[in-house]
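*Asks:* Below is the sequence, then the predicted model.
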Amino acid sequence: MHQISILAMVFILGAHPLFPADASTEQELRARMETQQREIEKLEKEIAEYQKTLSKTTEQSKTLQQEVARVETQIKKVTADMRLTQNQIASTQLHIEELDGDIAASEIKMESYRQTLAETLQAVYQMDTSSLMEVFLRHQQISDFFGSLEDLQRLEESIHGDLAALRELKKVLENERATRTEQKKSLSALDRELQNRRLIEQNTKKAKNALLAETKNEEARYQQLLRSREVKRNEMLNEIQRIEDELRKLINPSAIPVSRAGILAWPIKGSAVLTQSFGNTPDSKILYNGKPHNGIDLGVPVGTPLYAADSGEVWETGNTDTYAGCLSYGKWILIKHPNKLATLYAHLSQIAVTRGTSIARGDLIGYTGETGYATGPHLHFTVYDATTVQFRASKIPGSNCQFLPYGGYLNPLAYL
């Protein structure tokens, strides 16, 4: 009795026309993936150029023409972001398609293993039903009998080896399925990102049209608008500082974490420029009427993904731009953390979470922008003692601000 190992049989089957590898389809898929990758790299370079242009105009434009040009560049950049996301979606779909092919091939091979093993085990069972004396009597010579025993031993070793190979293939299949699941999650996230970027583009275009309508495309009206905004902004800033100076007295140092790097994660991944530090700085004397800055500012382009600095619950979200003349935080998110800290993210272009949502550290919560009173695209990031946080309407005469967050603020750099 001469047995060929099942493992060898599977390798033979793997190359057999019964399981053909569609080379043309595989080559076509690879070519499409390479084309997609080249397009992604091209768009990334295009976006980098837009960012370079926008980084030169981080301050508020001094003329209407400059402001319109800056906003138009911003729209081009956001549109390029959308095209990049669309290409990333297409690339992810191709990777899923490739994984589907790998999974199908693995499932075919596993089924081949199972069938061959089943046939072999059935043969072993039939041999096992014969008594040792019957097997011995069927052989005319004793040497033939011992030769059969050696064949049985080799067969048993082959089965053990083939079972091990089957288990290994099962692991490969499970890994392929897990990778596909992660790719599908990535695809869903990219789909949501595309929708958010569409909204950012629409809102940026609306802001440009609103500016042109308000100024009637006249430089004198634009200058008048800037002066009016500065007066209203100073009134709002003074009120916030006055309230928060009182709330700082309620901070309980024993109830909040001791200052240490890493307690909070940076809300922006990658490179971000610290354009305004915390507290009393040379710039705060000019920008904040000599009062300390209640957070830090990170200069980043509109539409930059924003991430939660720590796990917690979305306490509140808001948009001061919905109230005429409420020149403050624009779109903002406030998150309450279990360690008694709260983090505020302001001037956003898009909010991607809702009130009461539980989030994990590093979750996407929105996109940066320049809503509210902002002299350029940036993230304003504040850390509060959560026990001191309050929500109030403005008491400035004639103000329409109905809902603003206040609190005893802390130095974010002490926790990042």
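*Replies:* Received the coordinates, thanks. Numbers count the residues shown, from 1 in each chain.

*Asks:* Report the contact partners of E26.
*Replies:* With contact taken as Cβ atoms under 8 Å, 6 or more residues apart in numbering, E26 is in contact with G101. Where C-beta positions appear, they are placed from N, C-alpha and C, glycine not excepted.

*Asks:* What does the pLDDT read for it?
*Replies:* Among the per-residue scores, E26 shows a pLDDT of 80.

*Asks:* The residue most central in space within the chain and W332, how far apart?
*Replies:* Central residue of the chain (Cα atoms, centre = their mean): L364, 5.5 Å from the mean position. Look at L364 and W332: by Cβ to Cβ, to the nearest Å, they are 16 Å apart.

*Asks:* Ok, Q223 next?
*Replies:* In terms of Cβ to Cβ, Q223 sits 28 Å off from W332.

*Asks:* which of the two has more neighbours?
*Replies:* Set Q223 next to W332 and count neighbours by other Cβ atoms under 10 Å: W332 wins out with 24 against 14.

*Asks:* Which element, helix or strand, includes A346?
*Replies:* In this structure, A346 sits in strand 341-351 according to DSSP states H and E.

*Asks:* Describe which strands that strand pairs with in its sheet and in which direction.
*Replies:* Strand 341-351 has the following strand partners under DSSP bridges: strand 331-336 (antiparallel), strand 364-368 (antiparallel), strand 379-392 (antiparallel).

*Asks:* C-terminal to that strand, what's the next element?
*Replies:* strand 358-359.

*Asks:* Give me the contact list for that next one.
*Replies:* 308, 311-314, 335, 353, 365.

*Asks:* Which of those sits closest to N175?
*Replies:* Nearest to N175 among these, counting by Cβ to Cβ, is S311 at 28.8 Å.

*Asks:* Let me see the contact set for the closest one.
*Replies:* 337-338, 358-361.

*Asks:* Write a ChimeraX command that selects only the buried members of these.
*Replies:* The buried residues among the contacts of S311 can be selected in ChimeraX (16 or more other Cβ atoms under 10 Å) with this line:
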select :337,359
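
*Asks:* will you turn the contacts of S311 into CSV that also has pLDDT and distance to A210?
*Replies:* Output for these, formatted as CSV (pLDDT from 0 to 100; distance: Cβ to Cβ, whole Å):
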residue, pLDDT, distance to A210
H337, 98, 36
P338, 97, 41
S358, 97, 36
I359, 96, 32
A360, 97, 36
R361, 97, 37
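
*Asks:* Can you pull out the low-pLDDT segments for the stretch 51-200 of the chain?
*Replies:* For the stretch 51-200 of the chain, applying pLDDT under 70 flags the ranges 56-60, 123-153, 155-156.

*Asks:* ok, 50 please
*Replies:* 145 (pLDDT under 50).

*Asks:* JSON lines please, covering the strands paired with strand 341-351 and showing distance to M82 and mean pLDDT.
*Replies:* Formatted as JSON lines, those follow (distance: least, Cβ to Cβ, whole Å; pLDDT from 0 to 100):
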{"stretch": "strand 331-336", "distance to M82": "19", "mean pLDDT": "98"}
{"stretch": "strand 364-368", "distance to M82": "12", "mean pLDDT": "96"}
{"stretch": "strand 379-392", "distance to M82": "21", "mean pLDDT": "96"}
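
*Asks:* so E174 sits in a helix?
*Replies:* Yes - counting by DSSP: H, G, I helix; E, B strand; the rest coil, E174 is located in a helix.

*Asks:* mind checking how far it is from E168?
*Replies:* Using Cβ to Cβ, E174 is found at 11 Å from E168.

*Asks:* cool, and Q115?
*Replies:* Look at Q115 and E168: by Cβ to Cβ, they are 18 Å apart.

*Asks:* Strands along the stretch 51-200 of the chain, start to end?
*Replies:* Shown for the stretch 51-200 of the chain, no strands are assigned by DSSP state E, counting those that start in this stretch.
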